[in-house]
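Undergrad: After the sequence you'll find the predicted model.
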Amino acid sequence: MKDYLMKLNDNQLKACTDSIGPSLIIAGAGSGKTRVLTYKIAYIIDEMNVNPYEILAITFTNKAAKEMKTRLYNLIGNKRDFVNCATFHSFCAQVLRKEIEVIPGRKRSFQIIDDDETETLVKEAMVELNQDIKLVKPKLYASSISALKSELATLSSFDKYYAEKLEPVYRKYEDLLIKNNLLDFDDLILHTINIFRSHPEILSKYQEMYKYILVDEFQDTSNIQYDLIKMLGEKYENVFIVGDEDQSIYSFRGANIENIRKFMRDFPNYKKFVLDQNYRSTKNILDCANTLIKKNKNRIPKDLWTDSKGGEEVKMDESYSDKSEARDIADEIKRLYYREGYEYKDIAILYRNNFLSRNFEDEFIKDKIPYRIYSGLSFYKRKEVKDMISYLRLSINPDDFYAFKRVINSPRRGIGESTIEKIEAVIDKEEISLSEAIEKVEVYKTVKETLSNFRSMIISLSQELDNKTLEEFFNLVYLRSGYKAYIDSLDEDERKKRQENIDELFNSISEVETLGSTLETLIDYLQNVTLKTDEDIESSDENHVSMMTMHSAKGLEFKIVFAVCLENDIIPGYRADKVSLIEEERRLFYVAVTRAKERLYLSYSDSRYKYGKMNHSEKSVFLDDLEIHSKRKKEISLIEEKPTPPPSGAYSIGDRVNHKINGDGVILAEIEGFYIILFDNIKTPKKVIVNHPLLKKV
DNA sequence: GCGTCCTCGTTTTTT
DNA sequence: ACGAGGACGC
C-alpha cells in the first residue's frame, strides 16, 4: 500500500479504496473532501492499475479542476496529465468538438458564447420579431430559454400567454446560433446529452473511454447534468459522487439537491461513506454550525465532530447602525492584528449581498486596513477584454459579424447603430459575407472610408499571423486596432484599471499552450476562452482582509470569519418566502459559519441604509437558534458624528420621543438602562438604550 | 453619431 | 444612492 494512504482516517480510507461500483460520499464541510477525491484517483491508478485516461473527474469550476490537478501532481506526478479533470461544460465542449457534426447544420469549429452575448442575441431575435423589449426584458426570455434548455422547464410549464411569445423568440434565437455557428453554455450540455441519446454508439464509445467517473460538489448538479452522469456511468457503474446537501446553495441556477436521492435510486448498489470528522474548525464553531443546520427539515441528519478543543467563544454583536457595525469590526480587526498577532490575510468578511461591502470598505480605507473585494465582473466579462478578444476573432475570421459589431466603434470611429443595421440588412438580403457587404453597403463617403480602412486593418493583421508568436501578434493587434491609443487617452484612474486588465489578458495569452502554428494556437485559444474565468488571477500573496459574498466563500477557509449584516430580509433574504428557500438561506449561513477555523464573529445592526433610505432592521431569525448572547456594542464612536445625547433617564414613561431611525414613538417603560419604546410604524416595541444619541424628545 | 438627462430597478454565480 | 440603459436633442 502506498504510504500516502496512511494520511487518511478510517472513513476516508474506506471511501478511497472501495472503488468498484457506485459510491456516494457524503463529505461534510472541512472533512477533507478534495483530499479523498484526489487520493481516490491516485489509488485507482496505482493500486488498481487503471489507465489514467480512463478516469474522468468532473467539477463545477475551473478553479476546482485546477486545484485537483495540482494536488494530484503531488500524488502521482505526471500521470495526472492523462486524467481528464474537467468542468461539466469543458467536458461537453471536448465531446462536441469531436461529435457535433452528427447534428445537421452544426460545425466542429463552433464558438461558445457567454450569457451577455446570449442576451444580445435574444434581444436581436425579439427585435426581428417585432416584440417590445421593454414589455418583456430580453434577460427574462434568456433565462427562460436557459431553463428550457437545461430541462428545468417546458413551454407548457410557463403561463400560456407568456409561452406563446417566448416560443418564437426561442426559435429565432436558435436560428441565430446555428447561422453563426455558436453555442451557448446550456447548449454544451444539451447537445452532448442529445447526441448520447440519439446515437447509442457514440455514448457507448464514451462509456468505454471513461470507466471511472468522479463528480465533485454533487449537490450542485442540475437535472440535465445528472442525466449526463447517469448515462455515462450506466455501463460500468464506477460512479463516485461527492457532495454535502447541507452546502447546496445554488438552486437558483438549477442545482437540485434531489439528485443525490436520484443517484441512490438509479444506482441501487451504491455504497455510502460519510465523512463527518471536521479538520477545520474549533469545537465551538462546529457546535454553532451543527446547531444551525439542524433546524433544516429537508436533510439527512448528520453531525460534524472534531478532535479539536473548544477554542474561542463564537461572538455575537449587535450594533445600532450599519456604519457602527463596520466601525466596530474595523476596530476589532486592528486589535487582532496588533494585539493577537493575526495577519490581515487570516481574516474574511462574509456578507449576503455584494452591496453590503460598502460600509466595511469605507472604514477600512479610513483605518488603512488593506482589503480586497472578491466579486463583481469576472475578468473575461470586462469590456476591454471582450473587445480585444473580438479583434482576435476578427483577425482569424474577418467575416465574424458579432465580433465586428462589437468593435467597429470601439474605440470610436464614428460608426453607429444605423450603419451597422444597413450592413446587416445587406448581408441578409443578398446572402453575402460581411466583407462583401462592407463593399456594397450604401453609406456616406466618409463612413465608407472608415469601414474600408477598418477592413484593411483587419486583413493586414491576419496576414501577420504566420510570422509572429501569439504574444507578438496580440501586441500588434492592440496597437493597430487603435485600442492602445484609446486606453492611453483615458484619464488616470480608468487608464490604470483597464491597462491592468489588458496586461492580465496578455499574461493569460502567453500561458497558452503552443500548438503547430500561431493560427492554430489562436483558434484553439478562442474556442475555449469563453469557458475560462479569472481562476488564476487571484492567489497573490498580498496580506489583505478578504471581503466576499457567502456564496463565493464556498470551498475556502479563514482563521477568522466575520459573518456580517445578519438581519432578516438580508439573510434570509426578503424573497425567501417558502420553506425550501429559507432552508437554502440557512445552508448559506452554514457555509459562512463553517469557513472559520479559529474565530467566528456574528454581527447585525438595528438599522441599515438601503436604496438611499435608513431602514429599521432586525436580527436574523437564524441567530435566534444559536443561543449566543449578543453583546450590545458601546456607542462611543458615534458621538463625534451625532448630537450629544441627553443625560441618562431624561424622559419619563409616556413621553413622545423621536428616534432618528425608527421615527416617532412613545416610551412604555424603562428597564435596566433601556427604554421600551413603541414606535408608530413598528409593530413590536423596541429596546433603546436610555442615552441613545439618536433619541430626542418630540 | 454622440452627449446628456431621466427613469428604473435593485440576490446569490458559474460556465 | 447609484448605475445602467433608453429617450431626446444637437
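TA: Structure received.
Undergrad: wait, what's in contact with the residue lying closest to residue A:319 once chain neighbours are set aside?
TA: The shortest distance from residue A:319 to any non-neighbouring residue, by Cβ to Cβ, 6 or more residues apart in numbering, is to residue A:325 (3.9 Å). Placement of C-beta: from N, CA and C, glycine included. Going by Cβ atoms under 8 Å, 6 or more residues apart in numbering, residue A:325 touches A:317, A:319, A:359, A:564-565, A:603-605.
Undergrad: Just the buried positions in stretch A:307-315, please.
TA: A:308, A:311, A:314-315 (16 or more other Cβ atoms under 10 Å).
Undergrad: and what of stretch A:367-382?
TA: Within stretch A:367-382, the residues scored as buried using 16+ other Cβ under 10 Å are A:369, A:371, A:373, A:375, A:379-380, A:382.
Undergrad: what's next to it, contact-wise?
TA: A:114, A:116, A:330, A:333-334, A:337, A:344, A:349, A:354, A:357, A:360-361, A:363-364, A:385-386, A:389, A:498, A:501, A:504-505, A:529-530, A:532-534, A:537-538, A:542-549, A:552.
Undergrad: Torsion angles phi and psi at the residue nearest to residue A:319?
TA: Here is the backbone geometry of residue A:325 (degrees, to the nearest 10): phi -60, psi -50.
Undergrad: ok, now how distant is it from residue A:548?
TA: Counting by Cβ to Cβ, to the nearest Å, the gap from residue A:325 to residue A:548 is 17 Å.
Undergrad: cool, residue A:297 as well?
TA: 29 Å.
Undergrad: of those two, who's got more company?
TA: residue A:548 (20 against 8; other Cβ atoms under 10 Å).
Undergrad: how close does that one get to DNA strand B?
TA: Between residue A:548 and DNA strand B the computed distance is 7 Å (Cβ to the nearest atom of the strand, to the nearest Å).
Undergrad: which residue packs closest to that residue, ignoring adjacent ones?
TA: For residue A:548, ignoring the flanking residues on the chain, the nearest one in space by Cβ to Cβ, 6+ apart is residue A:374 at 4.1 Å.
Undergrad: just residue A:154 next, same as before
TA: Using Cβ to Cβ, 6+ apart, the closest residue to residue A:154 is residue A:148 (7.0 Å).
Undergrad: any idea how far residue A:355 is from the residue of the stretch 501-650 of chain A found nearest DNA strand C?
TA: Of all residues in the stretch 501-650 of chain A, the one sitting closest to DNA strand C is residue A:612 (2.9 Å; Cβ to the nearest atom of the strand). Applying Cβ to Cβ, the value for residue A:612 to residue A:355 is 12 Å.
Undergrad: the more surrounded of these two?
TA: More neighbours surround residue A:355 than the other of residue A:612 and residue A:355, with 13 against 5 (other Cβ under 10 Å).
Undergrad: Next, the more buried one: phi, psi?
TA: phi -70, psi -20.
Undergrad: Could you export stretch A:357-375 as PDB, CA atoms only?
TA: Presented in PDB, the C-alpha positions along stretch A:357-375 are these (Å, rounded to 0.1, in the frame of the first residue of the first chain):
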ATOM      1  CA  SER A 357     -19.400  45.600   1.400                       C
ATOM      2  CA  ARG A 358     -19.600  49.400   1.200                       C
ATOM      3  CA  ASN A 359     -19.500  50.300   4.800                       C
ATOM      4  CA  PHE A 360     -16.600  48.000   5.500                       C
ATOM      5  CA  GLU A 361     -14.700  49.400   2.600                       C
ATOM      6  CA  ASP A 362     -15.200  52.900   3.900                       C
ATOM      7  CA  GLU A 363     -14.000  52.100   7.400                       C
ATOM      8  CA  PHE A 364     -11.000  50.000   6.200                       C
ATOM      9  CA  ILE A 365      -9.900  52.900   4.000                       C
ATOM     10  CA  LYS A 366     -10.100  55.300   7.000                       C
ATOM     11  CA  ASP A 367      -8.100  52.900   9.100                       C
ATOM     12  CA  LYS A 368      -5.700  51.900   6.300                       C
ATOM     13  CA  ILE A 369      -6.600  48.300   6.700                       C
ATOM     14  CA  PRO A 370      -5.600  46.500   3.500                       C
ATOM     15  CA  TYR A 371      -8.600  44.700   1.900                       C
ATOM     16  CA  ARG A 372      -9.600  43.100  -1.300                       C
ATOM     17  CA  ILE A 373     -13.200  42.600  -2.500                       C
ATOM     18  CA  TYR A 374     -13.700  39.400  -4.400                       C
ATOM     19  CA  SER A 375     -16.700  40.000  -6.500                       C
END
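Undergrad: could you give me the average pLDDT of it?
TA: Mean per-residue pLDDT for stretch A:357-375: 91.
Undergrad: Would you mind listing what in the stretch 51-200 of chain A touches DNA strand C?
TA: A:133-134 (Cβ under 7 Å from any atom of the strand).
Undergrad: can you list the residues of the stretch 51-200 of chain A near DNA strand B?
TA: Residues of the stretch 51-200 of chain A lying near DNA strand B (Cβ under 7 Å from any atom of the strand): A:60-63, A:87-90, A:114-115, A:185.
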